[in-house]
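Undergrad: sharing a model that was predicted from the sequence below.
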Amino acid sequence: MASVKVDFEVGNDGVAVITMCNPPVNALALPIIRALKYKFDEAARRNDVKAIVLTGKGGRFSGGFDISVMQKVHQTGDITLVPDVSVELVVNSIEDSKKPIVAAVEGLALGGGLELAMGCHARVAAPKAQLGLPELTLGIIPGFGGTQRLPRLVGTTKAVEMMLTSKPISSEEGQKLGLIDAIVSSEELLKVSKLWALEIADKRKPWVRSLHRTDKLGSDAREVLATARQRVKKTAPHLPQQQACIDVIEHGILHGGYSGVLKEAEVFKKLVLSETAKGLIHVFFAQRTISKVPGVTDIGLKPRNVRKAAVIGGGLMGSGIATALILGNIRVILKEVNSEYLQKGLKTIEANVRSLVTRKKLTQQKAEGALSLLKGVLDYTEFKDVDMVIEAVIEKISLKQEIFSDLEKICPPHCILASNTSTIDLDIIGEKISSQDRVIGAHFFSPAHIMPLLEIVRTNKTSAQVILDLIAVGKVIQKSPVVVGNCTGFAVNRTFFPYAQGAHLLVHLGVDAFRIDRLITNFGLPMGPLQLQDLSGYGVSVAVGKEFAGAFPDRTFKSPLVDLLIKSGRNGKNNGKGYYIYEKGSKPKPDPSVLPIIEESRRICNLTPNGKAVSVSDQEIVEMVLFPIVNEACRVLEEGVVIRASDLDIASVLGMSFPSYRGGIVFWADLVGAKHIYNSLKKWTQLYGNFYKPSRYLEERATKGIPLSAPASSNPTTKARL
Ligand SMILES: C[C@H](O)CC(=O)SCCNC(=O)CCNC(=O)[C@H](O)C(C)(C)COP(=O)(O)OP(=O)(O)OC[C@H]1O[C@@H](n2cnc3c(N)ncnc32)[C@H](O)[C@@H]1OP(=O)(O)O
């Protein structure tokens, strides 16, 4: 690829400018790393070169090591694909160079990008560049010397914070901390950097090798590390890279920077091969793939601007959606049926926005700006010039059909007609109107202004333009849009409908309810299935349960437990009484008074063999809850509800908080192995019934040894309307 190269130019002033070119972020791909080594060595050799400037093309220094190399390591198991950069390039060719090297930083210097810059003898930056070491978000640690040089430049406390949080800082903060030596305008960046390099050569500016410094490490460095170690033990028990990062920093403090660099390289390679890195790197690319939709984003269409939108219904979902839209700078008309409901909706939106200010996620000025974009109405007068309507009323077919008929008459012909339904077939909602190409699902997750996932549900009539427009809106309001097909529950709720049912089945086999939740949280989900039921309220469980029982009667597990809980006056977190006790200011506690209700439900169901609780291991419990979800995911894949398996991974991570370090539901299932999942489900079907019956897709893949994530065969039974 001609655009992947390193430019080399020597000026009359004797400064060689080495420029990394690999759009869009100048990732350090293998050819770039090889070329850098070559060019630095050339600069060192040439007599006409007195000093060197390292920079990136296109206004960005570098987004770091090419992450796809690590993905290749995962596919091949060949760790030798990772080159030795930290010693060969950064120490030998850059830091120990006999000619001074200055990094001219603009836009961003992240990961390996910042590590190259820190190996240089000074750093000059343009304003507002992002500087950071985000490697831990990928399950690895910095591997080009960052764990050693950052503490030596900004101090141990700040370096630990920057690496453990993966948050970048600006050039301005970098200058205050000592990471950046000077800030100059973009126009002057190269000129000043060259002069700086020449001044170092002339000994008029200090020639600093960061790795040799100790002055900023701090006498309390080991205490800082001990405190961080204790903290991550609690907050990140599943993320080995966090402890490893602290250990490697400490190694360098105890044994010197160079020894630290060697230790870092050794640990880096081990971590690249870890399951955590496999999962997180998969998620990195999967997240960027969701908005590539064949037949929509690759046919030359341009998204139309959505400047004014209407939301119908100011309940929990409607007000959350309206909040998300105004925060994305889109004017919103909120329509309700009477002024009492309207005022309530408007107040909720205001409270949503203000709470972001309180939590310092939004400035007061931005909050006022967003709220000024909101207007409440009781009729359709304002709908004449809206670009998009999102209907978010109660789940009643006749009401939604009536609204869509009204909208077709009142809204302009280009207007997108979206529904936030989570259960009703979109074809039925749009049945009574003629412009069905404008009908689309915009399925937000509650709270809609916070949860990052937006399921865009297309029917077989929705136009590519409308899908593209909604993807663009999703991005503007900072959601991750995943395009899915039309079926009961769409992708996320459909895949996860066995979550609560699997837990209920186990409870009725005699397993302790709280043990199930505990094990699932240990696995990495933020809460177990029963606590989640408490959180959503039992009304939702009953309604959703009915929907799925109707759609998938062959594999629904039904028990009287939720009805009994409601009868006993419980409604989960809503009224503070569920499986757990909810008290202000403390964590939910298991409620022993729920046990007799569970016993009663067990008696009615009579599932336990000979009245005795089944004996299952911790691992089996986790699998009995999660494998039925994988099984349903297989059906979702077979029916083509999602375009590719990685879309379902992202949907599971963002919609259900499935742990990203496990790569999402399908990725995790492939790590476990289709064969083991299939054999387990088959065994449980014989013991406990059809809830576990393996799907055809799973059976085929397990028996043929094909990964679940591999693209579907040429002739799937496509039931979902894509
Ligand atoms: C040894 C070292 O210590 C290890 C490392 O350096 S690991 C890498 C550390 N760096 C990172 O984690 C940064 C990762 N990148 C990002 O966070 C963001 O891409 C960014 C902030 C740089 C830019 O964001 P944004 O402008 O929104 O663009 P974004 O869509 O994310 O990326 C643009 C393209 O560049 C690719 N890309 C970005 N960084 C990349 C990287 N480091 N390697 C490979 N590809 C990368 C993306 O995959 C995307 O590709 P696509 O267009 O084909 O989908």
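TA: On my side now, so go ahead.

Undergrad: residue of the chain nearest the ligand, please.
TA: Relative to the ligand, the nearest point of the chain is G111 (2.4 Å; CB to the nearest ligand atom). Quick note: C-beta positions are derived from backbone N, CA and C, even for glycine.

Undergrad: what count of nearby residues applies to that residue?
TA: 27 (other CB atoms under 10 Å).

Undergrad: show me what contacts it?
TA: Each residue near G111 by CB atoms under 8 Å, 6 or more residues apart in numbering is listed here: 63-65, 132-135, 142, 144, 146.

Undergrad: out of those residues, which touch the ligand?
TA: With CB under 6 Å from any ligand atom as the criterion, the contacts of G111 include 63-65, 134-135, 142, 144, 146 near the ligand.

Undergrad: just these now: which is nearest K682?
TA: Comparing these against K682 with CB to CB picks out E135 as the nearest, at 41.3 Å.

Undergrad: which residues touch G313?
TA: 335-336, 345, 391-394.

Undergrad: returning to what we had before: among the contacts of G111, which ones are in strands?
TA: Counting by DSSP state E, the part of the contacts of G111 found in strands is G132.

Undergrad: now render the contacts of G111 as CSV, adding neighbour count and pLDDT.
TA: Formatted as CSV, the contacts of G111 follow (neighbours: other CB atoms under 10 Å; pLDDT from 0 to 100):
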residue, neighbour count, pLDDT
G63, 23, 98
G64, 28, 98
F65, 30, 98
G132, 23, 98
L133, 30, 98
P134, 19, 98
E135, 28, 98
P142, 28, 98
F144, 32, 98
G146, 32, 98
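
Undergrad: re earlier: redo the contacts of G313 as CSV? Include neighbour count.
TA: Below are these laid out as CSV (neighbours: other CB atoms under 10 Å):
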residue, neighbour count
K335, 25
E336, 23
G345, 24
E391, 23
A392, 26
V393, 21
I394, 10
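
Undergrad: need the CA coordinates for the lowest-mean-pLDDT helix or strand in the chain. PDB is fine.
TA: Here the helix or strand of the chain ranked lowest by mean pLDDT, DSSP states H and E is helix 538-551, holding a mean of 88. Output in PDB follows, covering the C-alpha atoms of helix 538-551 (Å, rounded to 0.1, in the frame of the first residue of the first chain):
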ATOM      1  CA  TYR A 538     -41.900  -7.900  37.900                       C
ATOM      2  CA  GLY A 539     -44.500  -6.300  35.500                       C
ATOM      3  CA  VAL A 540     -41.900  -6.300  32.800                       C
ATOM      4  CA  SER A 541     -41.000  -9.900  33.500                       C
ATOM      5  CA  VAL A 542     -44.600 -11.000  33.200                       C
ATOM      6  CA  ALA A 543     -45.200  -9.000  30.000                       C
ATOM      7  CA  VAL A 544     -41.900 -10.100  28.300                       C
ATOM      8  CA  GLY A 545     -42.400 -13.700  29.500                       C
ATOM      9  CA  LYS A 546     -45.800 -13.900  27.800                       C
ATOM     10  CA  GLU A 547     -44.300 -12.500  24.600                       C
ATOM     11  CA  PHE A 548     -41.600 -15.100  24.400                       C
ATOM     12  CA  ALA A 549     -43.800 -17.900  25.600                       C
ATOM     13  CA  GLY A 550     -46.100 -17.000  22.600                       C
ATOM     14  CA  ALA A 551     -43.200 -16.800  20.100                       C
END
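
Undergrad: could you list the residues in contact with that helix?
TA: Counting by CB under 8 Å, 6+ apart, residues outside helix 538-551 touching it are 395, 423, 488-489, 493, 497, 500-501, 533, 556, 558, 562-563, 565-566, 570-572, 578.
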